[in-house]
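Chemist: output the structure for:
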Amino acid sequence: MAKAKKLLLMTFCLVLVASLALAGCGSKKEEAGGAEAGTSEQPVELIWYSIGAPQKDLDKVMEKVSEYTKEKIGVTVKMKLFDWGDYNQKMGVIAASGEPFDIAFTSSWAFEYVANAKKGAFYPLDDLMDQYGQDIKKLVHPSFLEGAKIDGKTYAIPVNKELPAQKVFRFNKGLVDKYNLDINSVKTLEDLEPLLAKVKEGEPGLYPLSADKQFKFAVPYDLVNENLPLGVALTDTNDLKIVNILEQPDMMKGFETMHEYYKKGYLKKDAATASGGDEMKTGKWLVDMPDTQPFADNLWSQSLGYPVVSVPYTEPYVYNWSVMGSMHAISANSPHPEKAMQFLNLLNSDRYLRNLVNNGIEGVHYKRIDDETVEYLPAKTESYDMPTFTLGNFFILDRLPADPADKWDQFAKFNDSAKNAPLLGFHFNADSVKTEMTALTNVKDEFYASLFTGSVDPKVYVPKAIEKFKAAGLDKVQAEMQKQLDEWKASRK
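Modeler: Residues are numbered from 1 along each chain as shown. The predicted structure follows:
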């Protein structure tokens, strides 16, 4: 009996030792990181704020995303979308309140990158990138990564997409064909007149020029800050003299042209206050003026569900705001900054994840043509029409049926072909004029939409806008900008 007890005790000890050894191996495996580490731990939920019209199937797609990321890196993902016109204000409130979240879309034009980085809203990313973002460093264009630095530090990961900005006149091909319009004759805003008139005459209930409160025709200036009418002419590559664009004849000509178009009924009456509209879904529009990228017509046509064509409006330039036109920041209050960086690294390097976030669910939102090509289904436009440019690295995206095999090579050539705008690399420090900057942004919000959509007479309202801008401290801000710009110019010699 004693012998049996002794044997049983020895067996128990051996099992216990083996169990401890296995547990130790498991710990080492988890410490090593990688996909396996994610599966053996309780996953953490990442909160991701992004911009765009709310989508019915967003949560369904994020469930699929979470299934994958849980296995790969031990995270689930909850994306929250705020509409285009609401994002700035809502993210400002969230950041100011200290509410914890993990990832947010930021840019030069929404939840402004430089200002919020300087306020301490974003987590500094250089060390995190060194540890968890090696794929980002390999895959994102060096000009994007360099352009994202503020005082030598990185606070957001730029979306690896087209580097320059170039406006086009984008046309609804159905109406172009119906009225036999010569779109290649359109080089300027004024050249649109005969096309707009012809379509308006033939389609009395249609407003041919699609515009809302975000609309802007091409501005031939490199703006120091997109909320202010202060910039350097694109042709000014030597003197770098900051001017008030509202005082320039070329801008007045644009405002007057838009006012004529508005009076003739080419734009909807509420264009200055509208947050988009349903004309893109119904096809009741002729032309608008978005920024382009190689083969954008294919993407737009697939997304809208009917064909569009475009012709160049401006030359491609690399601006601060195009480098910073779409970025992902990690919140300074994120409970999981390391996991957030792991997710961003995966989003920018993993083909399956990037295409899932972009295209939605196979068989529901798209069908697969081959290993690298998909075709969108009607449910994508109706339930998951996400803005591609806000979601991560373009160069691992599936192609659309009309895209050529060398699509991403053409993107690379487009990126290399552009001119640098005069202020590329200059970042204005507004610390000494914070009060004025807030007041000036309010003036911009009061006047810009009405002027750019032609809803008011510019001969009356441009002088009013200039007067209000000056009363709010524009001259002081302009002088400070010029001082800093002169110092920056001298430092580059």
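
Chemist: distance of Ser326 relative to Leu391?
Modeler: 9 Å (Cβ to Cβ, to the nearest Å). For every residue, glycine as well, the C-beta is placed using N, CA and C.

Chemist: ok, Asn320 next?
Modeler: Relative to Leu391, and taking Cβ to Cβ, Asn320 is found at 22 Å.

Chemist: do the same with Ser417
Modeler: 25 Å.

Chemist: just Val168 next, same as before
Modeler: Following Cβ to Cβ, the distance that separates Val168 from Leu391 is 22 Å.

Chemist: what does Ala272 give?
Modeler: As judged by Cβ to Cβ, Ala272 and Leu391 stand 30 Å apart.

Chemist: joint contacts of Ser326 and Leu391?
Modeler: Val159 (Cβ atoms under 8 Å, 6 or more residues apart in numbering).

Chemist: quick one: which of those two has more around it?
Modeler: Neighbours of Ser326 and Leu391, each counted by other Cβ atoms under 10 Å, are more numerous for Ser326; the result is 27 against 21.

Chemist: excluding its backbone neighbours, what's nearest that one?
Modeler: Ranked by Cβ to Cβ, 6 or more residues apart in numbering and with sequence neighbours excluded, the top spatial neighbour of Ser326 is Val159, at 4.1 Å.

Chemist: which pLDDT value goes with that neighbour?
Modeler: Per-residue confidence (pLDDT) for Val159: 96.

Chemist: now it: how far from Ala95?
Modeler: In terms of Cβ to Cβ, Val159 sits 20 Å off from Ala95.

Chemist: swap in Thr282?
Modeler: 37 Å.

Chemist: okay, the two: which has more neighbours?
Modeler: Legend: neighbour count by other Cβ under 10 Å for Thr282 and Ala95, higher for Ala95 (23 against 10).

Chemist: next, that one: secondary structure please.
Modeler: Recorded secondary structure, Ala95: helix (DSSP: H, G, I helix; E, B strand; the rest coil).

Chemist: list the contacts for it?
Modeler: 111, 116, 119, 121, 331.

Chemist: which pair in those residues spans the largest distance?
Modeler: The most widely separated members of the contacts of Ala95, counting by Cβ to Cβ, are Lys119 and Ser331 (12.0 Å).

Chemist: out of those two, which sits in the more crowded spot?
Modeler: Remark: of Lys119 and Ser331, Ser331 carries more neighbours, 24 against 12, as counted by other Cβ under 10 Å.

Chemist: wait, isn't that one in contact with Ala121?
Modeler: Yes: counting by Cβ atoms under 8 Å, Ser331 does reach Ala121; the two are 7.0 Å apart.

Chemist: ok, Lys339 - how many residues close by?
Modeler: Lys339 has 22 neighbouring residues, counting by other Cβ under 10 Å.

Chemist: doesn't it lie inside a strand?
Modeler: No: under three-state DSSP, Lys339 sits outside any strand and is assigned helix.

Chemist: quick one, what contacts Leu195?
Modeler: Listed by Cβ under 8 Å, 6+ apart, the contact set of Leu195 reads 179, 181-183, 186, 208, 286-287.

Chemist: quick check: the gap between it and Asn172.
Modeler: Look at Leu195 and Asn172: by Cβ to Cβ, they are 11 Å apart.

Chemist: rewinding a little: so which of the contacts of Leu195 are in strands?
Modeler: Taking DSSP state E as the definition of strands, the contacts of Leu195 contribute Val287.

Chemist: what about the contacts of Leu195, which one has the most neighbours?
Modeler: Top of the contacts of Leu195 by neighbour number is Leu286, holding 29 neighbours under the definition other Cβ under 10 Å.

Chemist: just give the nearest non-adjacent residue to it, would you?
Modeler: Closest residue to Leu286 apart from its sequence neighbours, by Cβ to Cβ, 6+ apart: Pro208 at 3.7 Å.

Chemist: correct me, but the one you found touches Gly202?
Modeler: No: here Pro208 does not reach Gly202: they are 9.7 Å apart, not a contact under Cβ under 8 Å.

Chemist: secondary structure class of Trp488, three-state.
Modeler: Going by three-state DSSP: Trp488 is helix.

Chemist: tell me the SS of the spatially closest residue to it that is not a sequence neighbour?
Modeler: The shortest distance from Trp488 to any non-neighbouring residue, by Cβ to Cβ, 6+ apart, is to Phe426 (5.0 Å). Secondary structure, three-state DSSP: Phe426 is coil.

Chemist: residues near Phe426, how many?
Modeler: With other Cβ under 10 Å as criterion, Phe426 counts 19.

Chemist: list residues touching both of Leu195 and Asn172?
Modeler: Common contacts of Leu195 and Asn172 (Cβ under 8 Å, 6+ apart): 286-287.

Chemist: show me where pLDDT drops low in this structure?
Modeler: Within the chain, the segments meeting pLDDT under 70 span 1-40, 277.

Chemist: quick one: the helices in the stretch 1-150 of the chain?
Modeler: Remark: helices assigned in the stretch 1-150 of the chain by DSSP state H, counting those that start in this stretch are 2-31, 35-40, 58-73, 87-97, 113-119, 126-132, 134-139, 142-147.

Chemist: buried stuff in the last one?
Modeler: Of the residues in helix 142-147, those buried under the neighbour-count criterion (16 or more other Cβ atoms under 10 Å) are 143-145, 147.
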